[in-house]
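Visitor: Here's a sequence, model it:
(one chain, ligands or ions: 2)
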Amino acid sequence: MSLNLIQILNQENFTRDEIIFLLNLQKEEEIKQLFVKADEIRKIYCGDEVHLRGVIEFSNYCDENCMYCGLRDDNFSISRYRMSPEEIIETAKLISNVGIKTVVLQSGEDGYFDTDMIAYVIYTIKQNSDVAVTLSLGDRGFEEYRNWKIAGADRYLLKHETANPRLYSIYHNGEHLDDRVGHLRYLKSLGYQIGSGNLIGLPSQTIPDLADDILLMHELGVNMAAVGPFIPSPFTPYQNRKHGSVELTLKTMAVTRILLKDVHIPATTALDSLDNFGREKGLNCGANVVMPNFTPHPYRENYTIYSNKRGINDDPELVHKSILNRIQSIGRKISHTRGDSPKLNINI
Ligand code: SAM
Ligand code: SF4
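Guide: Ligands and ions are numbered 1, 2, ... in the order given. Here you go, the predicted model:
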């Protein structure tokens, strides 16, 4: 049976084959129809406001060795740093003072920042300002997740990276996809708003794998779906691989929006690093979130997940202003709320 694009785009749900069909679209006119539909659904479920999340990359130490990532433990070529709790708390104040209502605390998997230290940082940030706190610290202990929730954390971003269990183990030195998914389910059960996501264009990954990524995020009921391209990083096993395609990333974001509907989708820095208009293109294909990087100098230069990361040498305030201009230039508004998940239907 041949698949009909218009008919599929108007369905409530997609089968795996239908997702594969959408991701394989090649004709310019058809891809445009997909993007227009994603933009329509974004408008219906999320409106025209773009939510900003101020990111603090507070440590680039990592105990893990993900094959694709420049922060992997075995990469001896980068200068490692840790911000002090006071520096993190000051940066969070700066984010709040410019009107951004979400602070994202991100790092490698760095055990130096133990349960109590992270709890102290979360608690102090929440005492100082009316912001939501998102944690993006990798796989940590279940008791830690619980303690950090009690300390005031609102959200946890932990990308599943790939829904193909065989590839997951290859990229993560024998670790299991089931374990990562278990962490996401546990975080959700604790009341965190959960974010997951994938990387597009990893070695050996196929279009059906991307369809499985979308279906997994749907099944998990994620509050945020972060779909971004893989970009090779020097001194990693995948340093000579090709980066993920911008067009395939946009198609994946669009299909994710159409199927998952009331979910936050960021227009990622990685997409913007591959394409001068990556943010704008992402925002027009279903995205409604942008995550400006507020990591101060001299640290931000060393959070080198991948090559040519956009804005890595620029001042955080300038990056923020430029992002505001770019969002407004495409007719979108800046949200002044915390931007909690539309799924929750709550007003904090
Ligand atoms: N360590 C935490 C974790 O892994 O969740 C948070 C920091 S990690 C640097 C954040 C994200 O960076 C990962 O989820 C991964 O998808 C992304 N990333 C790592 N290497 C990348 C690369 N080469 N290209 C694009 N994104 C990459
Ligand atoms: Fe570490 Fe996260 Fe990079 Fe993996 S993706 S090496 S856990 S920083």
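Visitor: C-alpha only now, for contacts and for neighbours.
Guide: Noted.
Visitor: pretty sure L190 contacts N147?
Guide: No. Here L190 lies out of contact with N147, judged by CA atoms under 8 Å, at a distance of 10.2 Å.
Visitor: Where does pLDDT dip in the chain?
Guide: 1, 345-348 (pLDDT under 70).
Visitor: all helices in it, in order from the N-terminus.
Guide: With DSSP state H, the ranges of helices along the chain come out as 5-9, 16-23, 28-46, 85-97, 115-128, 142-151, 165-171, 177-189, 207-220, 246-260, 269-274, 278-283, 316-329.
Visitor: who's in contact with the fifth one?
Guide: When contacts are defined by CA atoms under 8 Å, 6 or more residues apart in numbering, helix 115-128 is touched by residues 85, 88-89, 92-93, 131-133, 144, 147-148, 151-153.
Visitor: And that helix, what's buried?
Guide: T115, I118, A119, Y120, V121, I122, Y123, T124, I125, K126 (16 or more other CA atoms under 10 Å).
Visitor: Just want the angle from that helix to helix 85-97.
Guide: 30 degrees (axes from the mean of the first three to the mean of the last three CA atoms, to 10 degrees).
Visitor: now helix 115-128, how far from the chain's geometric center?
Guide: 22 Å (CA atoms, centre = their mean, to the nearest Å).
Visitor: And for the fourth one?
Guide: Between the mean C-alpha location of helix 85-97 and the chain-wide mean there is a distance of 21 Å, by CA atoms, centre = their mean.
Visitor: what comes up buried for it?
Guide: P85, I88, I89, T91, A92, K93, I95, S96.
Visitor: Could you list every helix and strand in contact with it?
Guide: The elements that helix 85-97 packs onto, with contact taken as 3 or more CA pairs under 8 Å, 6 or more residues apart in numbering; DSSP states H and E, are strand 54-59, strand 102-107, helix 115-128.
Visitor: quick one: contacts of it?
Guide: 54, 56, 58, 101-103, 117, 121, 124-125, 128-131, 294-296.
Visitor: Buried ones among the residues you listed?
Guide: Using 16+ other CA under 10 Å, the buried ones in the contacts of helix 85-97 are 54, 56, 58, 101-103, 121, 124-125, 130-131, 294-296.
Visitor: Just flag the most distant two among those residues.
Guide: D130 and P296 (21.4 Å; CA to CA).
Visitor: Now F35. Nearest residue, chain neighbours left out?
Guide: C285 (5.0 Å; CA to CA, 6 or more residues apart in numbering).
Visitor: So what's the residue count around that neighbour?
Guide: Close neighbours of C285, defined as other CA atoms under 10 Å, add up to 31.
Visitor: D116 versus that one, what's the distance?
Guide: Per CA to CA, to the nearest Å, C285 is found 40 Å from D116.
Visitor: what's the answer for R180, then?
Guide: R180 is 23 Å from D116, by CA to CA.
Visitor: swap in H183?
Guide: For H183, the distance to D116 - CA to CA - is 20 Å.
Visitor: what does the protein put close to ligand 2?
Guide: Applying CA under 6 Å from any ligand atom, we find that the chain lies next to ligand 2 at C62, E64, N65, C66, C69, L71, R72, G108, E109, G138.
Visitor: Help me confirm that the third one comes into contact with D74.
Guide: Yes. The pair N65 / D74 is scored as a contact, 6.6 Å apart, by CA under 8 Å.
Visitor: To D209, which of the helices and strands packed on helix 85-97 lies closest?
Guide: strand 102-107 (26.6 Å).
Visitor: Centre of the chain to that closest one, how far?
Guide: 11 Å.
Visitor: Outside of it itself, which residues are in contact with it?
Guide: 52-62, 92, 95-96, 131-138, 338-339.
Visitor: can we see that at 7 Å?
Guide: By CA atoms under 7 Å, 6 or more residues apart in numbering, the surrounding residues in contact with strand 102-107 are 53-60, 92, 131-137, 338.
Visitor: what does this protein have sitting close to ligand 1?
Guide: So the chain meets ligand 1 at 68-69, 106-109, 136-138, 158-159, 161, 199, 229-233, 270, 305-306 (CA under 6 Å from any ligand atom).
Visitor: which residue is nearest the centroid of the chain?
Guide: Residue closest to the average C-alpha location in the chain (CA atoms, centre = their mean): A226, at 3.6 Å.
Visitor: which residues touch the closest residue to it other than its chain neighbours?
Guide: Setting aside the residues directly before and after it, A226 is nearest to G197 in space (CA to CA, 6+ apart), at 4.3 Å. Residues near G197 by CA under 7 Å, 6+ apart: K159, H160, E161, A225, A226, V227.
Visitor: and the gap between G197 and ligand 2?
Guide: G197 sits 12 Å away from ligand 2, going by CA to the nearest ligand atom, to the nearest Å.
Visitor: and what of N173?
Guide: 10 Å.
Visitor: ditto for F58
Guide: 11 Å.
Visitor: Could you do A287 as well?
Guide: Distance from A287 to ligand 2, by CA to the nearest ligand atom: 22 Å.
Visitor: what's the neighbour count on that residue?
Guide: Considering only other CA under 10 Å, A287 is surrounded by 32 other residues.
Visitor: Quick check on the nearest residue to it once chain neighbours are set aside: phi, psi?
Guide: Nearest residue to A287 in three dimensions, chain neighbours excluded: I265, at 4.6 Å (CA to CA, 6+ apart). The phi/psi pair for I265 (degrees, to the nearest 10) reads phi -130, psi 120.
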